[in-house]
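Q: how would this look folded up:
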Amino acid sequence: MFAASARSAALSAGLGRRAASTIAQKYSSAVFSAALNKSPQVLSKVQTELNAIQSAVNSNAELSSFIHNPTLSTKDRSAGLPALYAAAGKEGVSDITKNLFIVLSENGRLVETEGVIEGFNELVANYRGELNVTITSAAPLPKDIQTRLETLLKQSQAAQQAKSLKITNKINPAVLGGVVVDFGEKTIDLSVASRVNKLNNLLSQSV
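A: Numbers count the residues shown, from 1 in each chain. Here you go, the predicted model:
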């Protein structure tokens, strides 16, 4: 079921950043449905495996290079999959997680791995009534500022409607300063980088 859905999704994909985001969401939906159709326990196991793989990709340069290398042959992609499975945990990877990466590999979509996992986690959070908030900053936020932001976010309508709230501080030097807050389908961009981009656009238009 999952493999058929994912292959169908791949055929409908276009090119570019927007298309890549769309196809990642379709893979996410396919694996989420396949796991939930088995049981909530399987859903939790798949989530644990995917998050372990994401952590491994973030910390292991070889794994990161493997999923982001578009020049690998089908044979090389297939040969590299066991390393991803090993990162999923010592208990043995589930068939659903294994099938996900087999299909991503066959379709040349391993580069979508991070987007697929992110989308999957969002679907799981929605299913459980959780609200995941990501605060992106150029450097780790001081404790007092993060506490103030958390207090404000907890007062939002979205947070009050959720069963639970999870706040994560993500580091990205590209924001330069300020913060970008992502929650649900909303983004609040208070970054210096955003203001610089707006200034550059205004200057370009006036030339």
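
Q: quick check, central residue of the chain?
A: In the chain, the residue lying closest to the centroid (C-alpha atoms, centre = their mean) is residue 118, at 2.1 Å.

Q: tell me the spacing between the nearest residue to residue 114 once chain neighbours are set aside and residue 116.
A: Ranked by C-beta to C-beta, 6 or more residues apart in numbering and with sequence neighbours excluded, the top spatial neighbour of residue 114 is residue 54, at 6.6 Å. Every residue, glycine included, has its C-beta placed from N, CA and C. To residue 116, residue 54 is 10 Å away according to C-beta to C-beta, to the nearest Å.

Q: between the two, who's got more neighbours?
A: In this view residue 54 and residue 116 are compared by other C-beta atoms under 10 Å, and residue 116 has more residues nearby, 27 against 18.

Q: and residue 42, what does it touch?
A: Contacts of residue 42 were listed using C-beta atoms under 8 Å, 6 or more residues apart in numbering, and they are 35, 36, 94, 96.

Q: ok, the last one to residue 39 distance?
A: Going from residue 96 to residue 39 by C-beta to C-beta gives 11 Å.

Q: among those two, which residue is more densely surrounded?
A: Between residue 96 and residue 39, counting by other C-beta under 10 Å, residue 96 is the more crowded of the two (22 against 10).

Q: rewinding a little: buried ones in the helix or strand hosting the residue nearest to residue 114?
A: Using DSSP states H and E, residue 54 sits within helix 40-59. Residues 42, 43, 45, 46, 47, 49, 50, 52, 53, 54, 56, 57 are the ones in helix 40-59 that count as buried (16 or more other C-beta atoms under 10 Å).

Q: ok, now stretch 168-180?
A: 169, 175, 179, 180.

Q: could you say which helix or strand holds the closest residue to the last one other than its chain neighbours?
A: To tie it back to what came earlier, the one meant is residue 180. Excluding the flanking residues, the one nearest residue 180 by C-beta to C-beta, 6+ apart is residue 136, at 4.3 Å. Assigned by DSSP H and E, residue 136 belongs to strand 130-137.

Q: pull the distance from that strand to the chain's centre.
A: Chain-centre distance of strand 130-137: 12 Å, with C-alpha atoms, centre = their mean, to the nearest Å.

Q: got it, and stretch 29-40?
A: The answer for stretch 29-40 is 17 Å, by C-alpha atoms, centre = their mean.

Q: and residue 136, what does it touch?
A: Counting by C-beta under 8 Å, 6+ apart, residue 136 touches 169, 170, 171, 172, 175, 179, 180, 181, 182, 191.

Q: go again using 10 Å as the cut-off
A: Contacts for residue 136 (C-beta atoms under 10 Å, 6 or more residues apart in numbering) come out as 168-172, 174-175, 178-182, 187, 189, 191.

Q: now residue 164
A: Taking C-beta under 10 Å, 6+ apart as the test, what residue 164 contacts is 125, 128, 129, 130, 131, 132.

Q: report the buried members of those residues.
A: Using 16+ other C-beta under 10 Å, the buried members of those are 125, 131, 132.
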